[in-house]
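Student: here are the coordinates; sequence isn't available:
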């Protein structure tokens, strides 16, 4: 559709998610903040606009205006460890209206690995701010992001799709409660105090009543801020191996691109449960070579279904109705944008015709009233413009034909362009 074209480019969303790509593959296409910046800067050099980049534990997506989706796929592969061949096996590509609908479902939590998880909306906001700072946004993408945010807010306020405590951090604690006896007496080590680490820490304290929680982070002061809030123990990064030796449960929530925990680091004389909440995986699979070590990754945790998730599903129809309404409003705005240049050109042409006619009458009539003539002619132009605009808004099925006819009758082709 022409309304999705910007300088010969179409709007696309390309990406991969938990639905078809396992944690290992998602890790290959994971983007840290530095990689996102480099990708965006290269996109700018290549003339791609209206671009957004998001990378979470569940999905990595690039959307924007391109002549062909491969431009976006190539950008993603060049700035990650993933290959085009890997991407093609698990990826999705959406164009125009399908791309818009997809972003609405993602941004409102309907497409999240855990239904109703609204973390993605804050990541969309961050992605937009990043692109805007680099001059890579346009009216289309700004309006679209705002529409998705609006739909997300309405779903939160008008439904219970996000009610109850269900997230990766909560699921990890729930797993511990279900699989570890006497959890309040166990030694727990949390390695990594980013957003997921902080949330996990809060859930541990709230639900396990455990007083034996130790925090380690590469940047110690970040761990100390969290520890101070909950009166927990903080150890240096250099003490990691020694602390693991004494722990019963190790939770890894780091954001490294390569494993931070492997078999060589472990010298366990007792059973050790490791929960890896990281994408890419930050715990090497070889830890399971040790007989007393159990490893659980976030993909397994995300499959935990409970009464909360079952209850949330009841609100999907209401959420979808809100999305449909907001998406319709966006598409109507888009149609208006489509014929705006023609309406502007028509108004200019009618103004030129008016000025020419008034000049002619002014020379012909002795008592010609300039003020009255201006008022009357301008009102006539306003009425004509209103009728044309209303017709184009109301008869969307034949908008293209109507625009073409208006341009032809009034010879607007050059002006509209």
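Tutor: Okay, I see it. From a predicted model like this one, the values you see are computed outputs, not experimental measurements.

Student: And the helix or strand where residue 147 lies, what does it pack against?
Tutor: Using DSSP states H and E, residue 147 falls within helix 139-158. Judged by 3 or more C-beta pairs under 8 Å, 6 or more residues apart in numbering; DSSP states H and E, helix 139-158 is in contact with strand 49-55, strand 59-66, helix 97-107, helix 119-133, helix 316-364. The C-beta positions use only the backbone N, C-alpha and C, and glycine is treated the same way.

Student: what about those, which gets the closest to residue 226?
Tutor: Of all the helices and strands packed on helix 139-158, it is helix 119-133 that lies closest to residue 226, at 18.6 Å by C-beta to C-beta.

Student: Run through who's touching that closest one.
Tutor: 36-37, 40, 51-54, 56, 58, 106-109, 112, 137, 141-142, 145, 148-149, 152, 167 (C-beta atoms under 8 Å, 6 or more residues apart in numbering).

Student: chain center to it: distance?
Tutor: In terms of C-alpha atoms, centre = their mean, to the nearest Å, the centre of helix 119-133 is found 7 Å from the chain centre.

Student: coming back round to it: could you give me the buried positions within the helix holding residue 147?
Tutor: For helix 139-158, a neighbour-count test (16 or more other C-beta atoms under 10 Å) marks 140-141, 144-145, 147-149, 151-152, 154-156 as buried.

Student: now stretch 87-102
Tutor: Buried, per 16+ other C-beta under 10 Å, within stretch 87-102: 87, 90-95, 99-102.

Student: from the residues you listed, which is closest to residue 183?
Tutor: So of the buried residues of stretch 87-102, ranked by how close each gets to residue 183 (C-beta to C-beta), first place is residue 90, at 36.2 Å.

Student: before we move on, back to that, buried among the contacts of helix 119-133? Need that as a selection in ChimeraX.
Tutor: This is the ChimeraX syntax for the buried subset of those, where burial follows 16+ other C-beta under 10 Å:
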select :36,37,40,51,52,53,54,56,58,106,107,108,109,112,137,141,145,148,149,152,167
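
Student: residues near residue 365, how many?
Tutor: Neighbourhood size, residue 365 [other C-beta atoms under 10 Å]: 10.

Student: my bad, should have said residue 405
Tutor: 11.

Student: How about the one 4 residues further on?
Tutor: Residue 409 sits with 9 neighbouring residues when counted by other C-beta under 10 Å.

Student: got it, and residue 160?
Tutor: 16.

Student: give me phi/psi at it?
Tutor: Here is the backbone geometry of residue 160 (degrees, to the nearest 10): phi -120, psi 30.

Student: How about the contacts made by the residue nearest to it when sequence neighbours are not counted?
Tutor: Leaving aside its sequence neighbours, residue 160 sits nearest to residue 315 (C-beta to C-beta, 6 or more residues apart in numbering; 5.4 Å). Shown in contact with residue 315 (C-beta under 8 Å, 6+ apart): 159-161.

Student: In TSV, list these along with pLDDT and distance to residue 65.
Tutor: Listed next are the contacts of residue 315 as TSV, based on pLDDT from 0 to 100; distance: C-beta to C-beta, whole Å:
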residue	pLDDT	distance to residue 65
159	91	33
160	86	37
161	85	31
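
Student: nearest to residue 336, of those?
Tutor: Nearest to residue 336 among the contacts of residue 315, with distances taken as C-beta to C-beta, is residue 159, at 29.2 Å.

Student: so how far is residue 317 from the closest one?
Tutor: Distance of residue 159 to residue 317, given as C-beta to C-beta, to the nearest Å: 9 Å.

Student: neighbour count winner among those two?
Tutor: residue 159 (20 against 10).

Student: Quick check, the more buried one in contact with residue 321.
Tutor: No - at 9.5 Å, residue 159 does not count as touching residue 321 under the criterion of C-beta atoms under 8 Å.

Student: picking up where we left off before, give the rounded mean pLDDT of the helix holding residue 147.
Tutor: Across helix 139-158, pLDDT averages out at 95.

Student: Local confidence estimate at residue 6?
Tutor: 54.

Student: cool, residue 334 as well?
Tutor: So, for residue 334, pLDDT stands at 85.

Student: ditto for residue 308
Tutor: Residue 308 is given a pLDDT of 69.

Student: so what's residue 220 up against?
Tutor: Applying C-beta under 8 Å, 6+ apart, the residues near residue 220 are 234, 236-237.

Student: my guess is residue 190 contacts residue 203, does it?
Tutor: No - counting by C-beta under 8 Å, residue 203 is not a contact partner of residue 190; they are 10.9 Å apart.

Student: how near is residue 379 to residue 55?
Tutor: 55 Å.

Student: Give me the more crowded residue out of the two.
Tutor: residue 55 (24 against 10).

Student: Residue 15: what secondary structure?
Tutor: strand (DSSP: H, G, I helix; E, B strand; the rest coil).

Student: Hmm, it is touching residue 92, no?
Tutor: Yes - using C-beta under 8 Å, residue 15 is in contact with residue 92, at 6.3 Å.

Student: What residue spans form the domains of this structure?
Tutor: What automatic domain parsing lists as the domains of the chain is 2-158, 168-305, 339-416.

Student: Make a markdown table out of the ones you listed and add distance to residue 331.
Tutor: Output for these, formatted as a markdown table (distance: least, C-beta to C-beta, whole Å):
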| stretch | distance to residue 331 |
| --- | --- |
| domain 2-158 | 7 |
| domain 168-305 | 32 |
| domain 339-416 | 9 |
